[in-house]
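1. Next one to model:
(one chain, ligands or ions: 1)
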Amino acid sequence: MLNALRTRFRGLFSAPPAAALPASKAELALFRSQGYFVREGVFSAAELQVWRDAVESIHQRMNTLAQAEGAPQLEAVDDKRYQLLDGSLVKWEWRDGSTDIRSMEPFLFLHPDLEHLIDDPRLWLPAKSILGVDRLSLFTDKLNFKRPQGAPFPLHQDSPYFALDGRAVDQLLSLQIYLDDVTVENGCLWMVPGSHANGILPGIQGKGALDRLYTDMERFVGAAPVPIEVPAGSVIFFHAHVIHGSKGNKTSSSRRAMVITYQPAGNKCWKVDAERPIQM
Ligand SMILES: O=C(O)CCC(=O)C(=O)O
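-> This next block holds a predicted model:
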């Protein structure tokens with residue numbers, strides 16, 4: 001009810017959201033050369049507040065489920081805690097016993113205010129023009145919390161992770177949507193411009209199962225990572241091969257981001273035996 005009222009009257013309280021536009025020539029050129037570009041002011045303050053409330057209610061629900069009697073077992077991967085709750089793979093913060101969620105995938109289906117976000121033309125219209133296709137479907141979606149003291153995310157490409165199910169990964173496009181202002185202090189994304197150009201790069205040869213998913217930066221020849229500090233409501237459009245990561249959150253507030261990965265239509269979602277076409 002409250003959300004419906006907020007949505008109905010949002011024009012009175014905040015600037016209108018940006019129009020839906022395909023990627024411009026300049027954005028396409030940046031995407032080709034750097035592997036990413038940023039659009040600021042895509043979503044209004046009122047929309048962001050609805051989604052912040054939705055992700056916080058999901059966080060709360062996951063905590064309740066995790067603490068319930070008979071809750072699904074925690075799985076340990078390289079001493080990091082994972083748990084399958086309500087159809088979403090929850091990764092808990094690295095600190096022992098923390099009840100903070102680090103990320104969860106998928107999550108949009110868990111809340112009515114979020115489930116149609118992928119059908120928003122401010123997202124799919126530019127995505128379609130970047131991929132150069134007529135129709136899109138969802139590959140996967142993920143919610144990245146970075147609570148105060150949230151741990152870093154080492155530099156990596158998403159493509160080796162996406163390729164774990166044997167799928168082609170060259171036509172995947174991810175959009176990172178910020179619910180909060182992001183700064184170096186609260187753990188903004190760092191991107192390595194141009195690092196998408198040579199496909200999947202060598203991962204770290206360590207003892208852990210996750211090591212090979214992190215890029216071996218000692219073997220990488222190219223640009224240094226640059227911080228992407230942007231206001232809430234911004235979207236980063238990025239290639240599955242671009243190297244990126246984030247540092248820890250040193251502030252006392254959360255840094256929250258929603259990630260949507262699109263693919264050309266006609267393909268099933270990642271790890272799900274069904275396609276979710278985008279409603280255009
Ligand atoms: O949100 C972050 O801090 C980085 C997350 C990330 O790179 C990922 O989920 O692949």
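2. going forward, measure contacts and count neighbours with C-alpha atoms only.
-> OK.
3. number of nearby residues for L85?
-> Counted with other C-alpha atoms under 10 Å, residues neighbouring L85 total 18.
4. beta partners of it?
-> Counting by DSSP bridges, L85 forms beta bridges with S88.
5. Against the ligand, how distant is the nearest residue to D165 once chain neighbours are set aside?
-> The shortest distance from D165 to any non-neighbouring residue, by C-alpha to C-alpha, 6 or more residues apart in numbering, is to K271 (7.4 Å). To the ligand, K271 is 16 Å away according to C-alpha to the nearest ligand atom, to the nearest Å.
6. So K271 sits against L164, correct?
-> No: look at K271 against L164 with C-alpha atoms under 8 Å: they stay out of range, at 9.7 Å.
7. could you show me where the helices are in the stretch 101-250 of the chain, in order?
-> 121-131, 159-162 (DSSP state H, counting those that start in this stretch).
8. Check which helices and strands the shortest one sits against.
-> Here helix 159-162 is seen to pack against no other helix or strand when contacts are counted using 3 or more C-alpha pairs under 8 Å, 6 or more residues apart in numbering; DSSP states H and E.
9. And the contacts of it?
-> Helix 159-162 has contacts (C-alpha atoms under 8 Å, 6 or more residues apart in numbering) with V169, I200, L213, A240, H241, W270.
10. residues contacting the fourth one?
-> Remark: with contacts taken as C-alpha under 8 Å, 6+ apart, A240 is in contact with Q157, D158, S159, V169, D170, L172, L173, S174, H196.
11. burial count for S174?
-> 22.
12. surely it meets Y262?
-> Yes: with contacts counted by C-alpha under 8 Å, S174 reaches Y262, the gap being 6.4 Å.
13. Tell me the residues on the protein that lie near the ligand, please.
-> Contacts of the chain with the ligand, taken as C-alpha under 6 Å from any ligand atom, map to N144, F153, D158, L189, H244, G245, S246.
14. Most neighbours out of the residues you listed, which is it?
-> For the residues of the chain next to the ligand, counting by other C-alpha under 10 Å, the largest number of neighbours falls to H244: 24 neighbours.
15. Now do the same contact list for F139.
-> Contacts of F139 (C-alpha under 8 Å, 6+ apart): L172, I260, T261, Y262, Q263, N267, K268, C269, W270.
16. residue contacts, the third one?
-> So the one you mean is T261. L138, F139, T140, D141, L172, L173, S174, L175.
17. Make JSON lines from those and add pLDDT to it.
-> What follows is the contacts of T261, written out as JSON lines (pLDDT from 0 to 100):
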{"residue": "L138", "pLDDT": "97"}
{"residue": "F139", "pLDDT": "97"}
{"residue": "T140", "pLDDT": "97"}
{"residue": "D141", "pLDDT": "98"}
{"residue": "L172", "pLDDT": "97"}
{"residue": "L173", "pLDDT": "98"}
{"residue": "S174", "pLDDT": "98"}
{"residue": "L175", "pLDDT": "98"}
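18. just to revisit the earlier point, so which of the contacts of helix 159-162 comes closest to P126?
-> P126 has its nearest neighbour among the contacts of helix 159-162 in A240, at 16.0 Å by C-alpha to C-alpha.
19. pLDDT value on that closest one, please?
-> pLDDT recorded at A240 is 98.
20. Kindly report the same for the one 10 residues further on.
-> If you check K250, the pLDDT there is 98.
21. What of the one 3 residues further on?
-> As summarised for this prediction, S253 has a pLDDT of 98.
22. Can you get me a residue count around G222?
-> Counted with other C-alpha under 10 Å, G222 comes out at 11.
23. can you tell me which residues contact it?
-> With C-alpha under 8 Å, 6+ apart, G222 has these contacts: G194, S195.
24. now do G35
-> Contacts of G35 by C-alpha under 8 Å, 6+ apart are P193, G194, S195, H196, A197, F238, H239, H241, V242.
25. Let me have the residues you listed in TSV, extended by neighbour count.
-> As requested, these are exported to TSV (neighbours: other C-alpha atoms under 10 Å):
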residue	neighbour count
P193	22
G194	20
S195	25
H196	24
A197	15
F238	25
H239	29
H241	24
V242	25
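26. Now the two most distant members of those residues.
-> Maximum distance among the contacts of G35 (C-alpha to C-alpha): 12.4 Å, for A197 and F238.
27. how near is F107 to K142?
-> According to C-alpha to C-alpha, to the nearest Å, F107 stands 6 Å off from K142.
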